[in-house]
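**Q** coordinates only, sequence not included:
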């Protein structure tokens, strides 16, 4: 009995080792660890003693570098973080639509699996081939034994665009991110493309399709005749970090609808200004003291009106600043921000530069 137990333990050890070595990252770590261990001995079995301490040091350092590389690879593996699931474990496959299919706005995506994934873990992710951005879909799957399908999946893009549909698995943090993403989409009434997915949203099988419908025309509302103008600073002025932006108006915009933002022309990013505007209703003048950040370069200062989406984006940026004490830029403005006036200036960090008091 003891021999059987010992033999079972040896078999389990070699099985576990063999399974671990199937991962290239694990194999790299083991090779590096073996080199570090080897450098601790004065000689190599069957080969004799080291020619000098320099060789032992070289082998030890090489081993440490290899171990670090393997660990870095392990940390970057998708689907192995807390709550994540390896996609190939479930044998997922997409059957409909077929590769290269022409599709409309709403389609049915269906397929099969060898093992049913954990509840709430399956999701459809769309990728644009032209922008490499991702969109998470809100639809939940239905199952019939080993068959699954998603109904009414919205496919973006305009006519002729190639889109890639993935079936993916989410871990706990991926689900939390999906919920936040859908909340933002609902708030702004516009799906937002993602550059990088969370680590434990693991992409599985995919299929490329071609959009056959044009994007619906965007109906731009006619701006109210507020007659907003920026008088100070003048165009192409050199300004410092703190300036007074001022101008005139014909009709005062609704309370809390006025928004001021800065655009950095070097990286095309937008920055909301949190300072409140003051109105002199007798002289029909407005002003706001604002701060300009970043390094030297061209800036565009704009004043406009916004709806609930722009207010939510501005409040979100302010909330992030309150948490990390750093302003974050936006790559694009919410669609309900209507620009009314703008001025292009050059920023200098010179503290002596100020505007009118």
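**A** Noted; the coordinates are in hand. Worth saying up front: this structure is predicted, and the values here are computed from it rather than measured. Numbers count the residues shown, from 1 in each chain.

**Q** from now on I want contacts and neighbour counts done on CA atoms only, so please keep to that.
**A** Fine.

**Q** any chance you could map the helices in the stretch 251-357 of the chain?
**A** 308-324 (DSSP state H, counting those that start in this stretch).

**Q** ugh, wrong one, I meant the stretch 101-250 of the chain
**A** 172-188.

**Q** what ranges do the strands span in it?
**A** 101-103, 106-112, 122-128, 134-136, 142-144, 147-154, 162-170, 201-211, 229-232, 238-239, 242-248 (DSSP state E, counting those that start in this stretch).

**Q** where does pLDDT dip in the stretch 101-250 of the chain?
**A** Within the stretch 101-250 of the chain, the stretches with pLDDT under 70 are 187-191, 215-225.

**Q** which one of the strands of the stretch 101-250 of the chain lies closest to residue 347?
**A** The closest of the strands of the stretch 101-250 of the chain to residue 347 is strand 238-239. By Cα to Cα, the value is 5.2 Å.

**Q** in its sheet, what does that closest one sit against?
**A** With DSSP bridges as the test, strand 238-239 is paired with strand 338-347 (parallel).

**Q** run the angle between the partner strand and strand 242-248 for me.
**A** If you take axes from the mean of the first three to the mean of the last three Cα atoms, to 10 degrees, strand 338-347 sits at 140 degrees to strand 242-248.

**Q** mean confidence for strand 338-347?
**A** Across strand 338-347, pLDDT averages out at 85.

**Q** mind listing what's buried along it?
**A** 338-345, 347 (16 or more other Cα atoms under 10 Å).

**Q** tell me the contacts of residue 298?
**A** Going by Cα atoms under 8 Å, 6 or more residues apart in numbering, residue 298 touches 264-266, 344-347.

**Q** beta partners for it?
**A** residue 346.

**Q** quick one: it and residue 342, what's the gap?
**A** 13 Å (Cα to Cα, to the nearest Å).

**Q** number of nearby residues for the nearest residue to residue 151 once chain neighbours are set aside?
**A** Once flanking residues are discounted, residue 151 sits nearest to residue 108: 4.7 Å by Cα to Cα, 6 or more residues apart in numbering. Residues lying near residue 108 (other Cα atoms under 10 Å) number 13.

**Q** which one of the buried residues of strand 338-347 is nearest residue 232?
**A** residue 343 (8.7 Å).

**Q** was I right about residue 161 contacting residue 208?
**A** No - using Cα atoms under 8 Å, residue 161 is not in contact with residue 208; the gap is 10.3 Å.
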